[in-house]
Structures are given as structure tokens and as C-alpha cells.
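In: structure for this input, please:
(chains A and B)
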Protein chains: 2
Amino acid sequence: MEAVIQFELSKEYLERFQGALDEKDEQFIRASLDGVNPADITQLLYEFDTEESKYVIDLLEKQISAQIINDLDEDTRTEFLGAFTVTEISSFLDFLDSDDCVDILMELSLQTREEVVALIRDEQKARHIQELLHYDEDVAGGLMAKELIKCNLNWTIRQCIEEIRKQAETVQKIYSVYVVNNTGKLIGKVSLKKIIIAEDSAKIADIYDDDIVSVATHMDEDEVASIMRKYDLEAVPVINAKGRLVGRITIDDIVDVMQEQAEEERQLMAGISDDVEEDDSVWKLSKARLPWLIIGMVGGLMGARFIGLFEGDIALIPAVAFFIPLITATGGNVGIQSSSIVVQSLANPNVFAESMARRLVKVLTVAVLNGLILALLVFGSVILLYKEEFLAITVSIALFSVVLLASFMGTITPIILDKFGINPALASGPFITTANDLLGLGVYFTVANLLYGIF
Amino acid sequence: MEAVIQFELSKEYLERFQGALDEKDEQFIRASLDGVNPADITQLLYEFDTEESKYVIDLLEKQISAQIINDLDEDTRTEFLGAFTVTEISSFLDFLDSDDCVDILMELSLQTREEVVALIRDEQKARHIQELLHYDEDVAGGLMAKELIKCNLNWTIRQCIEEIRKQAETVQKIYSVYVVNNTGKLIGKVSLKKIIIAEDSAKIADIYDDDIVSVATHMDEDEVASIMRKYDLEAVPVINAKGRLVGRITIDDIVDVMQEQAEEERQLMAGISDDVEEDDSVWKLSKARLPWLIIGMVGGLMGARFIGLFEGDIALIPAVAFFIPLITATGGNVGIQSSSIVVQSLANPNVFAESMARRLVKVLTVAVLNGLILALLVFGSVILLYKEEFLAITVSIALFSVVLLASFMGTITPIILDKFGINPALASGPFITTANDLLGLGVYFTVANLLYGIF
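Out: All right, here's what the predicted structure looks like:
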């Protein structure tokens, strides 16, 4: 670990720091945070309340404070920003890239937002921010920053270096210089490596790389992520409908998008309806969990109603009731397995995905295979344990049918959700379990009723 | 879309290409793939069989072919490499970074691997690869590439640029030049931007940045990913136990790690035991799903045995059986919700995570709250629908207890799994559902038996 973190967050340090906060020991706080990476300070501040954190932030250099504000997670930051005046917030924005400024502004009320923007001293930056505020958060335009280095096709390397020098303060990280023609249309790029190696007098036109991947402002963030992954890009230029270069998306933002997607999917699969974390309040945690629990409960009550229709059968042969959990659990398991495979395909779409019909044929083949194996195992087990053939036949036929139906439902549900623009991972959550419970019960009791009627 | 893909994969093109393959129309294939990004060619080749793909690869420039081989997913590539001789494989490696070479080599048998390495012409590269082969795949050493640019603290910018020029062919992407002292110890970095801006005569010692984040060779890939995310890095240097710079990890590899983690978690949550995709064979898909289905089935049979103990009760009051699915489903839902929140905390560990005791107190508070709400709703519904007070009391007490127990199990299971080095997401899968089904049945029938005994 010593390899990574020069700044070690220990319990002892935390206590010492709390003491310094209580005594308002400016000197200790300043000295102990000197030279520490802002990302580490951010982590430290999560341990203190808003007022204490603000005290620390006010002691730091504005540039460091701005970085910390930028690093905070959304929930904490929204709460945090309330402690600052519009002038203070605006002064943080001076040190941040335009895309990060927009993220912060979006957490403010419309009025505060306008006041903050009005206070930004750098006119160009204010214009850039105004432009970015127009885009949806989840498209390329909403992810991009205006800070980038571009050069004209007709320039020489010397002019290009001059431009880099001029913009060095504004653009934190440069990977490539983007090449545009006289109308501002993006036509290629030159890597910094190439600029370093080339002669000063070399012309951009002679050395630039015209094989450049770009994305359109309106492209969905998921697609941007998949393109950056596919082509191993650390930055991608964004162009407008006319092909003009309007911004740049860097990989750190995409890494955050991927992280959010994974968390959203986990929550949908777990039936948690809000973006909650373990350290949220009890009330918030309860509220996020209740909706799916109630839906599950309603499903359970409907199931009870349904089983009630067969009260006579159960009174006669109570053993029928024994296998209810087996049937419903298997339906749930098969449904989630099926849907999650579809969700995976939808997340990594193949250009030539198999057709719907072929997909279903395959899913059902797998279901028949698994259903047969399970049904045989259960048949054998029931015969062995209960020595009742009718019961064994009933349970295994019902199990087989449930595997088939649950596979089918698990496959089409995410596809349908996706068609309607709903995150298909929802179909791998309590939704499919509740639906399959009811389905399973229906199949089971129908089969039982039919077979017992026959024999 | 035209903004992104100059090369459009259409059904028509695919058919035309298949025709060209059948007729061995070299000219068309060469012409239509000229200037196309290797990542796009890779995607195209997924549509053809190994023999056809090899035919295409043989027509392309070695450098492009190497990139395609590198881009292929693991399964396809392993199959694919069988079609090439050791000499051919070795010649691809000439064009790839050492970390990518190692990934490919790891898919070969030990003997083939040694033959291929022996054929690598560049001695330094062969040495690098030999070194990397010693590391586990999932630690920093197994992810890093040996290709990087380093300069001595005592150099000038001019010497540094000279080094970049010399290594330009070997190192594809340069973000920073790493600064080492005379013993090879990593002490800082200089960004390419700074190198471009600085005077040629400037000394590295005067301008380098000593605030550098590095990782140790043995660090787990998850931790590397979380560090690169935290500090927004596009590359991170890797150091050995002596602090010497031994390699570099780039963000594209970490993006792949994150992607794999998300897929692994989805599979664990869905109870799929192997890394399968929709287009895998029916047999492979069945095999990956069966283990958890069988475990669920065994759980179901145990449940049946257990319910069987209460056969008398059920014969007497069949209504008890009606609520089995409600109880088991709620237990399953609550368990998955609880475990997934813990899994999320474990994935983004906070330095000062709440203690186990406080965690459990909180979890149980949430459970009591949700349990009470659900129990009241169910009590009301059962009274309303069945007009049987004893039944309503039984079901709601059982439901409340199940919510509590399932929350507790859902919380401790992932923590215990994590302690034993098992991916805690396993606890959000069929595992928890099966366990909670049994738990729920136990609680339900015990409560029912007790209450009916009393009243």
C-alpha cells in the first residue's frame, strides 16, 4: 500500500484531525493537508459534517477546494453547496473544466444556477457553460467539455505548439491536438508524441492522422462508452450535425458512466428503486426497498387467492402443497437466468444479432434440455422419498412446464422493456420472480388438477 | 451514426463479402478493408468461420492482423490461434505491446507458448514477456506492459525528447514520461504537455511533478481499477518492492477489467456459473445454468420435506398453504435487497466503513420498519379477503419475522463470503433465495403451529 498512498488515512489521524477541527487549529489542518492529493482530502471530508468540511475547504487554496467540490459524490455535494454563497461557488468554477462546472450547476436551483453563471468572470467560459447546459445529461453533448486544443490544417507544428502553450492553463490534459479545416470541420488529429518528434517547420497537413473516431452531440452515453471501449480511446472528439468540432469527452467521465450503469443494474436486479448506499438514512433505505416488496406482497396475495381455488385438492392431498416452493423457486431461478443472458446481449449488441425467432428457438431448446434433466431428477427423488407415482408425475410435469414458460418469459420481457426504452435489467429483478411465482402456481395446480382428475 | 463509423457494416455488405470469400476475390477484400479500423474488421470477422477469417487475416498487413488478433474475444481467439503456426503467432507478437502478447500467450498450451516465445526476434521484448509471464493475471503485474518512456532525473528536456524519438516505434501511446533516479526508483513524472512547453535546455529535475500515484506489482486488479478511477488516471506506473519502475497500466485495460467485473457480478446474481453469451452453444448454455437450478431443486425438495412435517395442520386448515409463496417470495426479495447493498459497499469500500455492529443495527432497524409496514398491509388484506383473524395474525407475524431474518442473512452472507475471498455478489444470487425459502418456511410453519396450538 505504501506504494500508492503517500497520505495514509488512519483512525489515529482522523481523531487528531477531529481534535484540530474542534479547536479550530488552522495550522495543523493546513500543514497536514499540504501537498495531499485533492481526491484523498475528499475522502477525508466524508468523515465530517458540512460545517466542518466547509471550514477545511475555506482554509485550502481555491484550486484544491474546487477539485474537492468536483470529486464529491452528487448527494453529498448537493447538500454541501447549500453552505456556500453564489460568489464562492462561482469562484470554484474558475478552476474546473466546463463539463464539471455544468455537473455542479445542474445540482443547483434554476435561480441560483443563473446567479452563479452570471458571476463567472471568464466570458468565454460562461459562454461555453451556457452552451453545455442545453444538452441532456446522458448524451455526448452533456458529457463533453469545451476545453480542447485544435489547430488548423494549414498550420505548422510551430504554430500548433504556440497554441498549446497559450491554452496550457485552460486545458488540463491533452492527448491529441484536433485538426480542423477552415470551416471548423473536424478532419483529423495529431498526437502529442508526433508533435514532439516532428520538426518545428513541419506542416500539420503533412503529418496529421485522418483516421479519427468521433461521436455526435446527441449520441447516447452508453453508445459513447461502447465506442471508446471498442477503439481503446482515452478521449473522443464530439462533432455537431455539420461535422464541426464542438467538444471532447475524456475517459474518466466514461469510467464514471460505466460505474453508474453497473450500480443501476445491480439495483434493478435487487429490486431497489432508488440510488441508495449503506450509509444513507434508515428512512431513505426503507423507502427505496418498499415498492418492490409491496409488489411482491401483492403477487403473494394473488398467489394465495389462486391456490385457494384448489382448497379442496389440498385438503384431500396435502402433499400437493409441499412442492409449492420447489415450483416457484425454480420458475424464479430460470426466469432470472434467461433474462440476464438477454440483458447481457442487449448491453453488448452485436451488429448482426440473431433474429428474434432464432433466439427463442435456442432459448427453448436450452429450456427443454434443462427442464428434462430437472424433471427426471425430481421424478426420481419424489418416487424415492414419497413412493407416490401420481405425485411424482404431477410435480415433474409441472416443473418441466414451468422451466419452459419461465425461460420464455425471461427472454421476451427484457426485449420488450428495451423496445420501450426501459432498462431491461428490470426484468432480472423481483419483477420476474413475482410474475414467475404466479405463472408457476398456475401451471402446477392446473397440472395437478388435470392429472388427479384423470387418475 | 455517420459521425462515428466511416465503415458501415450492413447486411448487404456482409453478403457481398461472403461472396468474395467464396470466390477468393482477393482484390475486393483488400480494397474494401483498406484503411478500415482493425476493431471494425474484428467485428466483421465474428460473422465468418475460422478458416474464412484466417484467409482474410492472411491478406492484410501484419500490423493490422496483429491488432485484430489482439481485439478478438478470448473464446474466439483461443479457437482461432489453433489455425496459425507458431511462426505466424510469433510474428503477430512483434506488433503488439508486451501485456497483450502475454494475454495471447496465456491462451496457448505451455509447449506452444515456449515455442512462440523462442521465435520472438526482438530480444528485449522476449525478456519482457518472460518477466510478465510470471505474474498472476489479476494483479497489477499481470496487467502492466513493459513499454513506457522513462528518463533520468538528471536529464534535460532535450535528452528526454531524444528518448521519446528513439522509443516512438515501441511505445504506442505516451501520456507522461516517468522520472527515475540513478537506482531506477520512480520519483515522478513529466506530462507530454509540459515537455512541449518547456525549453529544450530545461532540466527534468526542475520541472518534474513529484506528486505521482503508482501501484505495486502485487496489487489486485480491482484495487488498481479503483485507484485509477479515484485519481482520474489514464495510465499508472507499476513499481516493484524496491520502488523501481517496472511497467505501466493503461486505462483501456482497466476499462476491460471493469466490464468483466460487471458481467461476473450479473452472472453470479443470476445464478449462471460460467461466462456464457447468448450465441454460445445450447450445451454450454445448459451446463452453465444447471448447477444452480439443481441446488434450487434440492432446496425445494428439502422445503417439501419440511412442509410435510405439518401435513396434519394443512389437512385441517388448507388456508395455511395459500400463503407459502407470499412468505418465500418476500424472504427472497428482502434477502437480495440486503445483500446487494452490502455488495455495493464492498465494491466501493470507504476507508472508515461503519463497524459490523452498527451496520447490523441499521440493517435491522430498516428491516423492522419495512417488516412492520408489510405485516400491517398483509394483516389488513387477509382480514378483508378471508375474514379469519387467526390466519391474519399468523401470516403477518411470520412475514415480519421473515423480513427480519432475511435482512440479517442477506447482510452477513456477503460479508462472510468476502472474508473468505469469494465474490460477495454470489450472495445476491439463487443462493440467498434458496436459503431464504427454507428459512421462510421454517418461520412460517413454526409460527402457524404455535399460534394454532394456542388458539
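In: where do the helices sit along the stretch 301-450 of chain A?
Out: A:311-316, A:319-322, A:324-347, A:356-386, A:389-419, A:430-454 (DSSP state H, counting those that start in this stretch).
In: determine the three-state secondary structure at A:Ile187.
Out: Recorded secondary structure, A:Ile187: strand (DSSP: H, G, I helix; E, B strand; the rest coil).
In: next, format the helices of the stretch 301-450 of chain A as TSV and append mean neighbour count, mean pLDDT and distance to chain B.
Out: (C-beta placed from N, C-alpha, C; glycine too.) Converted to TSV, the helices of the stretch 301-450 of chain A look like this (neighbours: other CB atoms under 10 Å in any protein chain shown; pLDDT from 0 to 100; distance: least, CB to the nearest CB, whole Å):
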stretch	mean neighbour count	mean pLDDT	distance to chain B
helix A:311-316	16	84	4
helix A:319-322	24	88	4
helix A:324-347	28	88	3
helix A:356-386	18	89	5
helix A:389-419	22	91	8
helix A:430-454	21	85	5
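In: can you add distance to B:Asn37 and give those helices back as a markdown table?
Out: Output for those, formatted as a markdown table (distance: least, CB to CB, whole Å):
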| stretch | distance to B:Asn37 |
| --- | --- |
| helix A:311-316 | 64 |
| helix A:319-322 | 60 |
| helix A:324-347 | 22 |
| helix A:356-386 | 29 |
| helix A:389-419 | 27 |
| helix A:430-454 | 39 |
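In: in the stretch 151-300 of chain A, which residue sits closest to chain B?
Out: Scanning the stretch 151-300 of chain A for the residue nearest chain B gives A:Gly300, at 2.7 Å (criterion: CB to the nearest CB).
In: among the helices of the stretch 301-450 of chain A, which is nearest B:Asp97?
Out: With CB to CB as the criterion, B:Asp97 lies closest to helix A:324-347 of the helices of the stretch 301-450 of chain A, at 27.2 Å.
In: near A:Asp40, how many other residues are there?
Out: Neighbourhood size, A:Asp40 [other CB atoms under 10 Å in any protein chain shown]: 21.
In: same question but for A:Gln124, I mixed them up
Out: 11.
In: buried set for the helix or strand containing it?
Out: In this assignment (DSSP states H and E), A:Gln124 forms part of helix A:123-132. Using 16 or more other CB atoms under 10 Å in any protein chain shown as the test for burial, helix A:123-132 gives A:Lys125, A:Ala126, A:His128, A:Ile129, A:Leu132.
In: output the contacting helices and strands for that helix.
Out: helix A:98-105, helix A:110-119 (3 or more CB pairs under 8 Å, 6 or more residues apart in numbering or on different chains; DSSP states H and E).
In: and these, which is most packed in?
Out: Among these, helix A:98-105 has the highest mean neighbour count (mean count of other CB atoms under 10 Å in any protein chain shown), at a mean of 23.
In: after the helix holding A:Gln124, next one along is what?
Out: Counting by DSSP H and E, the next helix or strand C-terminal to helix A:123-132 is helix A:140-143.
In: indicate which one of the helices of the stretch 301-450 of chain A is closest to B:Cys160.
Out: Here helix A:324-347 is closest among the helices of the stretch 301-450 of chain A (CB to CB), at 42.7 Å.
In: did I read that right, A:Val179 in a strand?
Out: Yes. Per three-state DSSP, A:Val179 lies within a strand segment.
In: isn't it right up against A:Tyr208?
Out: Yes. If you go by CB atoms under 8 Å, A:Val179 and A:Tyr208 touch, sitting 4.6 Å apart.
In: overlap in contacts of the two?
Out: Counting by CB atoms under 8 Å, 6 or more residues apart in numbering or on different chains, the residues touching both A:Val179 and A:Tyr208 are A:Leu153, A:Ile187, A:Gly188, A:Lys189, A:Val190.
In: mind listing what's buried in the stretch of helix or strand A:Ser90 belongs to?
Out: If you go by DSSP H and E, A:Ser90 is part of helix A:86-93. Going by neighbour count (16+ other CB under 10 Å), the buried part of helix A:86-93 is A:Val86, A:Glu88, A:Ile89, A:Ser90, A:Ser91, A:Phe92, A:Leu93.
In: mind giving me the domain split of chain A?
Out: Split into domains by automatic domain parsing, chain A comes to A:11-137, A:150-251, A:282-454.
In: output the below-cut-off pLDDT ranges for chain A.
Out: Residues of chain A meeting the criterion pLDDT under 70: A:1-8, A:349-354, A:454-455.
In: that older thread, what comes into contact with the helix holding A:Ser90?
Out: Residues outside helix A:86-93 that contact it (CB under 8 Å, 6+ apart) are A:62, A:65-66, A:69-70, A:81, A:84, A:101, A:104-105, A:108, A:112, A:115-117, A:119-120, A:125, A:129.
In: give me the most central residue, chain A.
Out: Nearest to the mean C-alpha position of chain A, by CA atoms, centre = their mean, lies A:Gln261 at 1.7 Å.
In: which helix or strand contains that residue?
Out: In this assignment (DSSP H and E), A:Gln261 forms part of helix A:251-270.
In: does that helix reach chain B?
Out: Yes. Looking at helix A:251-270 against chain B by CB under 8 Å from any CB of the partner chain, the contacts come from A:251-252, A:254-256, A:258-259, A:261-263, A:265-267, A:269-270.
In: other SSEs contacting that helix?
Out: Counting by 3+ CB pairs under 8 Å, 6+ apart, the packing neighbours recorded for helix A:251-270 are helix A:140-143, helix A:221-230, helix A:324-347, helix B:221-230, helix B:251-270, helix B:324-347.
In: select, out of those, the one closest to B:Asn370.
Out: That would be helix B:324-347 among the helices and strands packed on helix A:251-270, by CB to CB, at 7.4 Å.
In: against A:Ser65, how distant is the residue nearest to A:Lys54 when sequence neighbours are not counted?
Out: In space, A:Lys54 comes closest to A:Ala83 once its chain neighbours are excluded; the distance is 4.8 Å by CB to CB, 6 or more residues apart in numbering or on different chains. Using CB to CB, to the nearest Å, one obtains 12 Å as the distance from A:Ala83 to A:Ser65.
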